[in-house]
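Q: Please work out how this folds:
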Amino acid sequence: MLSPTLRAADFMVAESLPMREVMAAVERYAAGERPVLICGEHGTGRELVARVLHQRGSRRGGRFVAVRPSFEGADVPPEQAPADDACARARPALHAARGGTLLVKDVCDMSALSQRTLRRAIRGRDGRKGEVDGDLRAGGPEASDGYDVRLVVTADLDLEQAVAAKVLSVDLYNAIASQRIDMPPLRDRADDLPKLFERWRMHYAVEIGRGPIAVSSRAVARLQAYPWPGNVAELKSVSRRLVLRVTGSRIEAGDVDEVLPVVAERVPLEDLSLEDLVKAKLKGLMARIDGYPVDDLYEKVLSRVERPLFDVVLAHTGGNQVKAAELLGLSRNTLRKKLQELGIASAASRGRKARADRALDE
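A: So this is what the prediction gives:
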């Protein structure tokens with residue numbers, strides 16, 4: 001997150017086509033009052049876009065207040081309210097952002113009660129103030145003039161799946177989805193990376209009181225070859241580490257290699273060992289299912305290893321299960337049972353996947 005003294009727009013780089021589309025959407029929505037939904041992976045700069053929306057809109061003279069799904073945030077005074085009293089916890093946030101913009105992060109992580117409270121607040125902003133007065137004002141004078149904030153919410157890319165799973169209410173989704181901005185991951189906006197790196201490099205150099213630091217073309221190439229699973233947030237962290245570590249006047253490729261993870265470049269598949277491939281996929285899997293209930297990961301991973309193994313061996317033997325069983329060191333009955341358990345013979349069974357199943361295949 002940017003500190004309050006920095007201008008968000010200074011860090012909005014839009015050299016790439018995906019980011020030019022984002023900026024076009026920002027220009028369309030900035031002057032309005034309706035809620036804006038910003039979707040994307042964590043670290044893509046969703047809050048940055050929300051701040052730019054605020055700074056370019058009619059409410060730029062008001063406050064920008066960012067809160068978590070529990071309505072708690074650095075700019076919100078604590079409210080002594082029961083954990084299940086979403087209305088009471090929302091009141092300080094709405095009060096703090098009055099006349100400005102309220103950013104609610106990760107809307108899919110909100111409780112059902114908090115979602116209903118936010119939906120009532122949106123109705124109140126739409127002009128049906130009576131629906132919000134009883135819930136958010138609760139007789140108090142602090143909200144006697146009604147609800148007066150511009151709402152911006154962020155979500156990950158599985159928003160529609162969250163609605164289908166009833167994690168996110170249909171009413172709230174319909175209220176926020178009409179003005180949507182999709183943030184591209186950093187790996188899809190490579191044209192922006194050199195300038196993003198330059199701006200964060202300059203920022204941290206000024207912060208610690210040192211002069212400008214140049215960067216070699218090979219160092220930039222190293223950065224562009226890296227897949228950036230942590231997106232712009234990871235680039236920001238890497239920039240800071242390089243500024244702190246490099247004592248000379250120029251960042252070289254070797255300096256980049258020292259701060260990036262071990263598998264920093266997109267290595268051709270044929271150059272990776274099977275173990276490295278499995279580790280890379282498992283790391284991505286753990287990031288995608290974080291926060292979701294999964295209690296059979298061992299079995300799921302084994303099934304994903306067995307399925308392609310059996311597929312490849314059967315293709316190699318032309319579908320001959322006797323030869324495949326011999327090659328695998330299994331009895332024919334064991335192989336047949338495994339194929340049935342994995343649904344290899346049934347295409348229909350492959351279509352029904354829970355979130356954890358899909359994450360393993362991505």
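Q: could you dump the longest strand anywhere in the chain to CSV, C-alpha only?
A: Longest strand of the chain, by residue count under DSSP state E: strand 150-155. Provided in CSV are the C-alpha atoms of strand 150-155 (Å, rounded to 0.1, in the frame of the first residue of the first chain):
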residue,chain,number,x,y,z
ARG,A,150,-18.5,6.3,-3.0
LEU,A,151,-18.0,2.5,-2.6
VAL,A,152,-15.2,0.6,-4.3
VAL,A,153,-14.7,-3.1,-3.6
THR,A,154,-12.0,-5.6,-4.6
ALA,A,155,-12.3,-9.3,-5.3
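Q: what lines up beside it in the sheet?
A: Note on strand 150-155: by DSSP bridges, its sheet partners are strand 36-39 (parallel), strand 101-104 (parallel).
Q: Give me the distance between the last one and the centre of its chain.
A: On the basis of CA atoms, centre = their mean, to the nearest Å, the separation between the geometric centre of strand 101-104 and that of its chain is 17 Å.
Q: now swap in stretch 210-230 and tell me
A: Mean-position distance between stretch 210-230 and its chain equals 23 Å (CA atoms, centre = their mean).
Q: which residues touch that stretch?
A: Under the criterion CB atoms under 8 Å, 6 or more residues apart in numbering, residues 42-43, 185-187, 190, 193-194, 197-198, 201-202, 205, 234-235, 237-238, 242-243, 246, 249-253, 255-257, 260, 264-266, 283-284, 287 lie in contact with stretch 210-230. (C-beta placed from N, C-alpha, C; glycine too.)
Q: same deal with stretch 94-105?
A: Contact with stretch 94-105 is made by 46-47, 50, 53-54, 57, 59, 61-69, 71, 73, 75-77, 93, 110, 118, 121, 136, 142-143, 147-154, as judged by CB under 8 Å, 6+ apart.
Q: let's see it at 6 Å
A: Applying CB atoms under 6 Å, 6 or more residues apart in numbering, the contact partners of stretch 94-105 are 50, 54, 59, 62-68, 75-76, 142, 148-154.
Q: just to revisit the earlier point, can you list the residues that contact whichever helix or strand comes after the longest strand of the chain?
A: Note on strand 150-155: by DSSP states H and E, the next helix or strand toward the C-terminus is helix 159-164. Here helix 159-164 makes contact (CB under 6 Å, 6+ apart) with 108, 168, 170, 173.
Q: Distance of the nearest residue to the first one once chain neighbours are set aside relative to R116?
A: Here the nearest residue to C108 in space, its sequence neighbours aside, is A162; by CB to CB, 6 or more residues apart in numbering that works out to 4.5 Å. Distance, A162 to R116, by CB to CB, to the nearest Å: 16 Å.
Q: average model confidence for the longest strand of the chain?
A: Across strand 150-155, the average pLDDT comes to 95.
Q: How about stretch 222-239?
A: 93.
Q: That stretch: which residues count as buried?
A: The neighbour-count criterion (16 or more other CB atoms under 10 Å) identifies 222-224, 226-236, 238-239 as the buried residues of stretch 222-239.
Q: Okay, now the unreliable bits of the stretch 201-350 of the chain?
A: Within the stretch 201-350 of the chain, the stretches with pLDDT under 70 are 262-272, 284, 287-293, 345-350.
Q: Could you rerun that using 90?
A: For the stretch 201-350 of the chain, applying pLDDT under 90 flags the ranges 211-212, 225, 260-316, 318-320, 324, 332, 335-350.
Q: Kindly provide the distance from the residue nearest to C108 to S169.
A: A162 is 10 Å from S169, by CB to CB.
Q: D295 too?
A: 26 Å.
Q: just S237 next, same as before
A: S237 sits 35 Å away from S169, going by CB to CB.
Q: buried ones in the helix or strand where E21 lies?
A: Element membership for E21 (DSSP H and E) is helix 17-29. Neighbour-count burial for helix 17-29, counted by 16+ other CB under 10 Å, picks out 19, 22-23, 25-26, 29.
Q: Would you mind giving those residues as a markdown table with pLDDT and distance to E306 added?
A: A markdown table is the format used below for the buried residues of helix 17-29 (pLDDT from 0 to 100; distance: CB to CB, whole Å):
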| residue | pLDDT | distance to E306 |
| --- | --- | --- |
| M19 | 96 | 41 |
| V22 | 96 | 42 |
| M23 | 95 | 47 |
| A25 | 97 | 44 |
| V26 | 96 | 47 |
| Y29 | 96 | 48 |
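Q: any idea which of those is the one closest to A86?
A: Y29 (26.6 Å; CB to CB).
Q: and the closest one, what is it in contact with?
A: 36, 179.
Q: repeat that with 10 Å
A: Taking CB atoms under 10 Å, 6 or more residues apart in numbering, we find Y29 in contact with 35-38, 49, 53, 56-57, 150, 152, 179-181.
Q: And the furthest pair within the buried residues of stretch 222-239?
A: Within these, two members stand farthest from each other by CB to CB: R222 and A233, at 18.8 Å.
Q: quick one: secondary structure of the residue in the chain sticking out farthest from the centre?
A: Computed with CA atoms, centre = their mean, the maximum C-alpha offset from the centroid of the chain is found at V322, amounting to 47.1 Å. Taken by DSSP: H, G, I helix; E, B strand; the rest coil, the conformation at V322 corresponds to helix.
Q: Which residues does the closest residue in space to A177 that isn't next to it in sequence form beta bridges with?
A: In this structure, A177 finds its nearest non-sequential neighbour in L37, 5.7 Å apart by CB to CB, 6+ apart. Following DSSP bridges, L37 is listed with bridge partners V153, R180.
Q: Isn't L37 up against I122?
A: No: applying CB atoms under 10 Å, one finds L37 not in contact with I122, separated by 11.7 Å.
Q: Cool, thanks, talk later.
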